[in-house]
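[1] Quick one: sequence plus predicted model below, questions after.
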Amino acid sequence: MHLLDDGDAAGWAATFTEDGTFEPPPPGRVISGRRNIADGAAKAAAERAEKGEQHRHWHGMLTVRPAEDGTVWVRCYALIIVTPAGGPSRLNQACVCEDVLVRGDSGWRVRYRRVTRDG
Amino acid sequence: MHLLDDGDAAGWAATFTEDGTFEPPPPGRVISGRRNIADGAAKAAAERAEKGEQHRHWHGMLTVRPAEDGTVWVRCYALIIVTPAGGPSRLNQACVCEDVLVRGDSGWRVRYRRVTRDG
Amino acid sequence: MHLLDDGDAAGWAATFTEDGTFEPPPPGRVISGRRNIADGAAKAAAERAEKGEQHRHWHGMLTVRPAEDGTVWVRCYALIIVTPAGGPSRLNQACVCEDVLVRGDSGWRVRYRRVTRDG
């Protein structure tokens, strides 16, 4: 998430598998493939930069459950902290993030991510 | 804490030993035994559900000190993040959580927990 | 950070090397040496106590990069949560913390720390 927050949309998207899927909030949208995930992230990063806002995605403690097929299911709470130019910082949104991770040649990658907003 | 936040009071209480004790804030109350801990948690969860609020208990980095008797003392900061139906999320309370953990047949359990509220 | 928040400025400063340097926000100030770092922290702690405020420094997930010289570069997000006497708790400031750690006889110490404020 540090990569995403720093505007490196391609670097962040590379934490997904090539065929990874991402379901951002609100429910109903599915973004498929690293390329599309990167494009969406780059657009959102540009909008934040335009507004002069710094977003920080905090991920909390992880629940980790290995599956028999070698993938790993991970769930954590997530907070989005937003600071406009000149401040102050504010808590923007509490979320839950669920991942299915797979191990590849260059380490663990996200095959599937779903983020849901509280409330 | 994920179990508690998801309304699984019995599952959360099972992270305590059978004879575990819990001192929630404000100081002065001591809840003894897994059964009573579960009952109190179920009641609080029902009240939150009634209000339509989602509570998320965040635990931060852990200070961990093993004792000579095999127990472990753990201290961390805790935040309660509350999101009412429709939002927005808000920081409800900053706390400190202190645990004494013991290792049993099915892993580590909380023998004693004290939570104090900042302020 | 627990040491600092609990008012143990000397204990916190001891997490730095003797010749450690600390660049707190805003940019431009450099505090050099454990003694000076402790003095600055003690003064800030006294001011917080005077105001009756409890500060909690939260550090998030760590990016850790070992360097070839044996030092380790660490970066994390940091939040300052403030609770005045009687509450309520509030998010005071989102920051980024970058450390260079070195391993000594008594474990890892901070040789260099820079904290920058979002916004």
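    Now that the structure is in, tell me what you want to look at.
[2] ranges for the strands of chain A?
    Using DSSP state E, the strands of chain A run over residues A:16-23, A:31-32, A:53-66, A:72-84, A:90-104, A:107-117.
[3] In TSV, list the ones you listed along with mean neighbour count and mean pLDDT.
    C-beta here means a position set from N, CA and C on the backbone, and glycine is covered the same way. Below are the strands of chain A laid out as TSV (neighbours: other Cβ atoms under 10 Å in any protein chain shown; pLDDT from 0 to 100):
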stretch	mean neighbour count	mean pLDDT
strand A:16-23	18	98
strand A:31-32	16	98
strand A:53-66	17	97
strand A:72-84	19	98
strand A:90-104	19	97
strand A:107-117	17	97
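[4] Quick one: these as TSV, columns for distance to chain B too.
    Shown next, in TSV, are the strands of chain A (distance: least, Cβ to the nearest Cβ, whole Å):
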stretch	distance to chain B
strand A:16-23	19
strand A:31-32	23
strand A:53-66	5
strand A:72-84	5
strand A:90-104	4
strand A:107-117	8
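[5] As TSV, the ones you listed with distance to C:Val96 would be great.
    What follows is those, written out as TSV (distance: least, Cβ to Cβ, whole Å):
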stretch	distance to C:Val96
strand A:16-23	24
strand A:31-32	28
strand A:53-66	8
strand A:72-84	11
strand A:90-104	17
strand A:107-117	22
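[6] Can you check what angle separates the longest helix along chain A from strand A:53-66?
    Longest helix in chain A, counting residues (DSSP state H): helix A:34-51. Angle of helix A:34-51 versus strand A:53-66, following axes from the mean of the first three to the mean of the last three Cα atoms, to 10 degrees, is 150 degrees.
[7] Find the nearest non-adjacent residue to A:Asp39, please.
    A:Ala9 (7.8 Å; Cβ to Cβ, 6 or more residues apart in numbering or on different chains).
[8] Check which helices and strands the longest helix of chain A is in contact with.
    Secondary-structure packing of helix A:34-51 (3 or more Cβ pairs under 8 Å, 6 or more residues apart in numbering or on different chains; DSSP states H and E): helix A:9-13, strand A:16-23.
[9] make it 10 Å
    Counting by 3 or more Cβ pairs under 10 Å, 6 or more residues apart in numbering or on different chains; DSSP states H and E, the packing neighbours recorded for helix A:34-51 are helix A:2-5, helix A:9-13, strand A:16-23, strand A:31-32, strand A:53-66, strand A:72-84, strand A:107-117.
[10] what number of residues lie near the residue nearest to A:Asp39?
    When counting by other Cβ atoms under 10 Å in any protein chain shown, one arrives at 20 neighbours for A:Ala9.
[11] That one: what's it in contact with?
    A:Leu3, A:Ile37, A:Ala38, A:Asp39, A:Gly40, A:Ala41, A:Ala42, A:Lys43, A:Ala44, A:Ala45, A:Ala46 (Cβ atoms under 10 Å, 6 or more residues apart in numbering or on different chains).
[12] right, so of the strands of chain A, which gets closest to B:Gly28?
    strand A:53-66 (29.0 Å; Cβ to Cβ).
[13] Can the closest one be said to contact chain C?
    Yes: Strand A:53-66 lies within reach of chain C by Cβ under 10 Å from any Cβ of the partner chain, at A:Glu53, A:Gln54, A:His55, A:Arg56, A:His57, A:Trp58, A:His59, A:Gly60, A:Met61, A:Leu62.
[14] List the pairing partners of that strand within its sheet, with orientation.
    Sheet pairing here is set by DSSP bridges, and for strand A:53-66 it gives strand A:72-84 (antiparallel).
[15] export the strand it pairs with as PDB, just CAs?
    What follows is strand A:72-84, C-alpha atoms only, in PDB (Å, rounded to 0.1, in the frame of the first residue of the first chain):
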ATOM      1  CA  VAL A  72      -3.300 -18.300   1.600                       C
ATOM      2  CA  TRP A  73      -6.300 -16.400   2.700                       C
ATOM      3  CA  VAL A  74      -5.600 -13.200   4.500                       C
ATOM      4  CA  ARG A  75      -8.000 -10.700   6.200                       C
ATOM      5  CA  CYS A  76      -7.200  -7.500   7.800                       C
ATOM      6  CA  TYR A  77      -8.800  -4.200   8.800                       C
ATOM      7  CA  ALA A  78      -7.700  -1.200   6.800                       C
ATOM      8  CA  LEU A  79      -7.900   2.500   7.500                       C
ATOM      9  CA  ILE A  80      -7.600   5.300   5.000                       C
ATOM     10  CA  ILE A  81      -6.000   8.400   6.600                       C
ATOM     11  CA  VAL A  82      -6.200  11.600   4.500                       C
ATOM     12  CA  THR A  83      -4.200  14.700   4.900                       C
ATOM     13  CA  PRO A  84      -4.900  17.700   2.700                       C
END
